[in-house]
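[1] Would you be able to build a 3D model of this:
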Amino acid sequence: MRLYSLSVLYKGDPKVHLLKAAYDVSTFNFFQRSSVQEFMTFTSQLIVERSELGSRASIKEQEYLCHVYVRNDGLAGVVIADNEYPQRVCFTLLDKVLDEFSRQVSKMDWPSGSPATISYAALDGYLSKYQVRPSGT
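    Modelled structure (predicted):
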């Protein structure tokens, strides 16, 4: 069971943009990592774009399961995990991250924010904390 990506996005008008993201691509070949990360960013944006405000969904994309939660205020979160990772845990994580993000980052910054301008450092910690390690390691 593995988490690969945790992203916070803003579903604005006219397009969706990434506010902050964390990735764990350590299980991929070194030469594949940047393209896998690009795929995850693109897929996250596409899923949020196609999701309605106030919706949750789990979408299968290749060998991954993408869990998306788009709040009514346009703030959205996407977790990309393998097929075995529990769906309920992914949505609990998304709730927690989006609540915390909306408390720490001003809503005025969402429409124009980018990973370089948004100050929110907790994603890597959450990705690591919610990673299920094989027993015995």
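[2] any residues touching the helix or strand where residue 60 lies, and which ones?
    Per DSSP states H and E: residue 60 is located in strand 55-61. By CB atoms under 8 Å, 6 or more residues apart in numbering, the residues outside strand 55-61 that reach it are 43, 47, 51, 65-70, 80, 83, 87, 90-91. For glycine as for every other residue, the C-beta is placed from the backbone atoms N, C-alpha and C.
[3] Report the two of those residues separated the most.
    70 and 83 (22.2 Å; CB to CB).
[4] Please identify which of the two sits among more neighbours.
    Per other CB atoms under 10 Å, whichever of residue 70 and residue 83 has more neighbours is residue 70, with 27 against 10.
[5] and the nearest residue to that one once chain neighbours are set aside, backbone torsions?
    Counting by CB to CB, 6 or more residues apart in numbering, residue 76 is the residue found nearest to residue 70 once chain neighbours are left out, at 4.3 Å. Backbone torsions of residue 76, given as degrees, to the nearest 10, read phi -130, psi 150.
[6] ok, what's across the strand from residue 76?
    On the basis of DSSP bridges, residue 76 is bridged to residue 9, residue 70.
[7] from what I can see it touches residue 66, true?
    No - taking CB atoms under 8 Å as the definition, residue 76 is not a contact partner of residue 66, at 11.8 Å.
[8] and these two? which has more neighbours close in?
    For residue 76 versus residue 66, neighbours defined as other CB under 10 Å are more numerous around residue 76 (27 against 24).
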